[in-house]
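Student: okay, here's the prediction I keep looking at, along with the sequence it came from:
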Amino acid sequence: MTALSYAAGAAQLGAVMAGAPLVSGVMRQVRARAEGRAGAGILQPWRDLRKQLGKQSITPIGTTIVFAAAPAVLVGTILLIAAVAPLVATGSPLDGAADLFAVVGLLFVGTAALILAGIDTGTAFGGMGASRETVIAALVEPTILLSVFALSIPGGSSNLGALVANTLDHPGRVASLSAVLAAAALVIVIIAETGRLPVDNPSTHLELTMIHEAMILEYAGPRLALLEWAAAMRLTVLLALLANLFLPWGIASGAPSVAGVGIGVAAIAAKVVVLAVLLAAAEVFIAKLRLFRVPELLAGSFLLALLAVTAANFFTARGGS
């Protein structure tokens, strides 16, 4: 590993940490403009984080270390994914850890920490949000595994860096049936994983519909800032992975150079912003689903992922024969 490989890893980690609140700000601003409002500006999430970091943390009576540790666990898992995933360059020092099952496992660890924190508060809202999040996670995590596994069949590896490199070497596979089905499934599960419409509404606190917000109602101050920052980074990392798995052009491959790392940062920033704008614009015209309809939507995404795996197996076997 060269010094530039470590620089590329540090660049993508820093880009996620600094850019995630801006992605949230862009999405809020797009929604505001589409709804005829001026909006608070794309820097508003950073201002909110600064305000929360200056406040005092509050620990509800009766909670345990689970409540206090959940924000740090959630942030730590997202930062670890951002460090190992091929966002700016392939062949990073931690590329060997960027295995599909390890990344999905880290996502689930963060989700489980938040679910346990919601239960630990002992409130009706916390338990309600935790139970709903458990149902969603049980359907989302297997779908992510199957979707990316469909891409790993022709690539012959479950390593995310190898999958990106394989797409760069065989760009025609992006338009294959299995890739299209996997991409559709991933879009749905990313929406569910990050609590966006139509699965959840991040801008409401209506007790009958909220999921993610119900689990963090008891948080305040720096802990709330960590949770909001982690939610923004989670969305940014998942959008970046979606972009690089199917449209990896611009990522620095092989032995990275200074120019290659710079182009990689610019490319992933542009792709994430485009996806965030499209997602925010679509949310304006989408109504939130009823809760009992959400499992049906996620079951449909699981079926798409299963079809993607079946198609990948069929075409790979046919090509091998």
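Tutor: Received it, and whenever you're ready, just let me know what you need. Numbers count the residues shown, from 1 in each chain.
Student: which strand or helix spans Ala69?
Tutor: For Ala69, the element it lies in under DSSP states H and E is helix 65-84.
Student: centre of the chain versus that helix, how much separation?
Tutor: Helix 65-84 has its C-alpha centroid displaced from the chain centroid by 14 Å (C-alpha atoms, centre = their mean, to the nearest Å).
Student: show me where pLDDT drops low in the stretch 51-200 of the chain?
Tutor: Nowhere does the stretch 51-200 of the chain drop to pLDDT under 70.
Student: can you pull the contacts of Val148?
Tutor: Neighbouring residues of Val148 by C-beta atoms under 8 Å, 6 or more residues apart in numbering: Leu100, Val104, Ser158, Leu160, Leu163, Ala182, Leu186, Leu245. For glycine as for every other residue, the C-beta is placed from the backbone atoms N, C-alpha and C.
Student: returning to that earlier point: which helices and strands does the helix holding Ala69 pack with?
Tutor: helix 3-34, helix 100-120, helix 222-246 (3 or more C-beta pairs under 8 Å, 6 or more residues apart in numbering; DSSP states H and E).
Student: which among the contacts of Val148 end up buried?
Tutor: Among the contacts of Val148, those buried by neighbour count (16 or more other C-beta atoms under 10 Å) are Leu100, Val104, Ser158, Leu160, Leu163, Ala182, Leu186, Leu245.
Student: which pair in those has the greatest spatial separation?
Tutor: Ser158 and Leu186 (15.4 Å; C-beta to C-beta).
Student: closest one of the contacts of Val148 to Arg28?
Tutor: Scanning those for proximity to Arg28, where the rule is C-beta to C-beta, the winner is Leu186, at 23.4 Å.
Student: from Leu22, how far off is the closest one?
Tutor: 23 Å (C-beta to C-beta, to the nearest Å).
Student: before we move on, the earlier item: ok, which of the helices and strands packed on helix 65-84 comes nearest Lys288?
Tutor: Counting by C-beta to C-beta, Lys288 lies closest to helix 3-34 out of the helices and strands packed on helix 65-84; the figure is 13.9 Å.
Student: ramachandran angles for Ala252?
Tutor: Main-chain torsions, Ala252, degrees, to the nearest 10: phi -80, psi 120.
Student: got the contact list for it?
Tutor: Ala8, Val88, Ala89, Thr90, Gly260, Val261, Ile263, Gly264.
Student: go with 6 Å
Tutor: Ala89, Gly260, Val261, Gly264 (C-beta atoms under 6 Å, 6 or more residues apart in numbering).
Student: residue closest to the middle of the chain?
Tutor: Leu238 (2.9 Å; C-alpha atoms, centre = their mean).
Student: now the buried ones among the contacts of Val148 as a markdown table including distance to Gln12?
Tutor: Putting the buried ones among the contacts of Val148 into a markdown table (distance: C-beta to C-beta, whole Å) gives the following:
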| residue | distance to Gln12 |
| --- | --- |
| Leu100 | 18 |
| Val104 | 19 |
| Ser158 | 20 |
| Leu160 | 13 |
| Leu163 | 16 |
| Ala182 | 23 |
| Leu186 | 20 |
| Leu245 | 15 |
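Student: what is the nearest of these to Leu307?
Tutor: Ala182 (9.1 Å).
Student: show me the contacts for the closest one.
Tutor: Ser147, Ala150, Leu151, Ala308.
Student: ok, now with 7 Å
Tutor: Ser147, Ala150, Leu151, Ala305, Ala308 (C-beta atoms under 7 Å, 6 or more residues apart in numbering).
Student: go on, Thr209?
Tutor: So Thr209 contacts Asn201, Lys288 (C-beta under 7 Å, 6+ apart).
Student: that one falls within a strand, correct?
Tutor: No. Counting by DSSP: H, G, I helix; E, B strand; the rest coil, Thr209 falls outside a strand, being coil.
Student: pLDDT wise, what is it at?
Tutor: Looking at Thr209, its pLDDT is 70.
Student: ok, now Ala255?
Tutor: For Ala255, pLDDT reads 69.
Student: follow-up on the earlier one: the residue nearest to the centre of the chain against Ala192, yeah?
Tutor: No. Using C-beta atoms under 7 Å, Leu238 and Ala192 do not qualify as a contacting pair, with a distance of 10.7 Å.
Student: look up how far Val284 lies from Thr111.
Tutor: For Thr111 relative to Val284 (C-beta to C-beta), the value is 27 Å.
Student: of these two, who's got more company?
Tutor: Thr111 (20 against 13; other C-beta atoms under 10 Å).
Student: thought the more buried one was touching Val135?
Tutor: No. Applying C-beta under 7 Å, one finds Thr111 not in contact with Val135, separated by 11.7 Å.
Student: so what's Val265 up against?
Tutor: Per C-beta under 7 Å, 6+ apart, neighbours of Val265: Ala11, Ala15, Val88.
Student: any idea which element the residue nearest to Val199 when sequence neighbours are not counted lies in?
Tutor: Take Val199 and drop its neighbours on the chain: the residue closest to it by C-beta to C-beta, 6 or more residues apart in numbering is Ala192, 4.4 Å away. Here Ala192, judged by DSSP H and E, is contained in helix 177-193.
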